[in-house]
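In: Sequence first, predicted coordinates after that:
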Amino acid sequence: MFCPKCGKGDQSADSYCRSCGDFLIDPAQHTSLMNRVLGITNPEKQVKFTLTIDLVTAIVSGFLLFFLMGYFDAVHDRTGATTPPIVYLVYIFLGLVSAWQLLSFTVGTTYRKKLNAAKKTLDQTDARPSLPEADHKNVVANSITEQTTHNLDKVPRR
């Protein structure tokens with residue numbers, strides 16, 4: 001696989017480029033919803049997007065919970081009408097959604113820190129082992145493969 005950013009070859013899919021550090025994605029393996037619909041392939045961008053969605057959802061559901069509680073408390077104080085029982089289920093649902101999204105945000109933040117720490121560690125170490133320089137003094141002029149190919153070329157073809 002070739003890196004689409006820098007063009008270096010012999011790369012592994014779903015890993016980081018050994019030259020420029022960009023995340024390489026195999027287009028045949030687009031199985032994630034974020035990959036197929038939104039086109040987000042980089043793990044850092046996926047984590048950032050997920051954290052944003054978690055935080056926004058937690059804030060909106062918490063706001064709706066407190067808004068509904070305030071609204072029905074005000075209606076009860078003003079008119080004396082009782083709150084419908086279904087509203088208590090909505091309170092529970094919104095509270096659970098808000099708590100779940102905050103928990104997901106906390107776990108995602110921890111994951112993001114670990115991902116950044118791992119990337120820093122990879123950046124500090126050279127993952128490619130150095131190969132010794134090629135020894136051009138011991139080059140065989142006619143290898144077995146070249147000789148076989150040369151001999152096959154002499155065979156008449158039908």
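Out: Arrived safely.

In: which ones are touching the spatially most central residue of the chain?
Out: Nearest to the mean C-alpha position of the chain, counting by C-alpha atoms, centre = their mean, stands Pro43 at 2.3 Å. Neighbour list for Pro43: 23, 115 [criterion: C-beta atoms under 8 Å, 6 or more residues apart in numbering]. All C-beta atoms are positioned from the backbone trio N, CA, C, and that covers glycine.

In: Where does pLDDT dip in the protein?
Out: Low-confidence segments of the chain, defined by pLDDT under 70: 1, 26-37, 39, 41, 122-131, 136, 139-147, 149-158.

In: can you map out the helices along it?
Out: 33, 43-79, 85-124, 144-154 (DSSP state H).

In: circling back: and the residue nearest to the centre of the chain, how far from Gly108?
Out: 12 Å (C-beta to C-beta, to the nearest Å).

In: got it, and Lys120?
Out: Where Gly108 is concerned, Lys120 sits at a distance of 19 Å (C-beta to C-beta).

In: next one: Thr148
Out: Distance from Thr148 to Gly108, counting by C-beta to C-beta: 58 Å.

In: got the domain boundaries for this structure?
Out: Split into domains by automatic domain parsing, the chain comes to 1-40, 42-122.
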